[in-house]
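**Student:** Provided below are the primary sequence and the corresponding predicted coordinates.
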Amino acid sequence: MKLHLNISDQVLEDSVTIEAHSYTRQIAQLTDFIKTLDNPIERLKAKKGETVHLLAPQDVYRLVIEDKVVHLKTLDQDFTTAYRLYQVKDLLSTDFLQISQSEIINLKQLDHLQVTPNGLVKLILKNGDVTYSSRRYLKAIKEALNL
């Protein structure tokens, strides 16, 4: 990948242009990183009981809707949040991947996966949680993991 940098006092507003042959995972990560420079999400507000916690996104293993409430699952704890799943998805980096209509996982916390005989993907996270993708998201999962 080539990098061209032009610093000039003639430039009125900073801008970034990416030229690529195709839209790859690297390009997606790069654009995601650039977007977060203006609005970085450093903490996610979550509750456990009546206590409010500020969680670092990298500590969240998965986000899942249970009983119409979004749960943030970490290594060994379960938190709830007032965010809707689509709202959280927009705040998170490309390290997070939606695997079904009701779940997003942190790819950096993925331990391994297995393709089941019925075509679903069984995902096992580093904290021992086991979840399954829906067929609708199978193509996105394969692209994200380069399968």
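**Tutor:** Happy to help now that I have it.

**Student:** Go ahead and confirm residue 143 touches residue 25.
**Tutor:** Yes. The criterion here is C-beta atoms under 8 Å, and residue 143 meets it with residue 25 at 7.3 Å. Any C-beta I mention is one placed from the backbone N, CA and C, and that applies to glycine too.

**Student:** can you give me the strands for this structure?
**Tutor:** With DSSP state E as the criterion, the chain has strands at 44-48, 51-55, 62-66, 69-73, 78-81, 96-100, 103-106, 110-115, 121-125, 130-132.

**Student:** neighbours around residue 10, how many?
**Tutor:** For residue 10, the neighbour count with other C-beta atoms under 10 Å is 5.

**Student:** Tell me the confidence at it?
**Tutor:** In this model, residue 10 is scored at 89, pLDDT.

**Student:** Would you mind naming the residues that bridge with the most centrally placed residue in the chain?
**Tutor:** By C-alpha atoms, centre = their mean, the mean C-alpha position of the chain lies nearest to residue 96, the distance being 1.4 Å. When bridges are assigned using DSSP bridges, the partners listed for residue 96 are residue 106.

**Student:** quick revisit: residue 16: which of the strands of the chain is closest?
**Tutor:** Ranking these by proximity to residue 16 (C-beta to C-beta) places strand 96-100 first, at 22.3 Å.

**Student:** what residues does that closest one touch?
**Tutor:** 57, 63, 89, 104-107, 121, 123, 131-134, 136-137, 140-141, 144 (C-beta atoms under 8 Å, 6 or more residues apart in numbering).

**Student:** What angle do strand 121-125 and it make with each other?
**Tutor:** Per axes from the mean of the first three to the mean of the last three C-alpha atoms, to 10 degrees, the angle that strand 96-100 makes with strand 121-125 is 140 degrees.

**Student:** tell me the mean pLDDT over strand 96-100?
**Tutor:** Computed over strand 96-100, the average pLDDT equals 94.

**Student:** residues of stretch 107-120 that come out buried?
**Tutor:** Neighbour-count burial for stretch 107-120, with 16 or more other C-beta atoms under 10 Å as criterion, is recorded at 107, 109-110, 113, 120.
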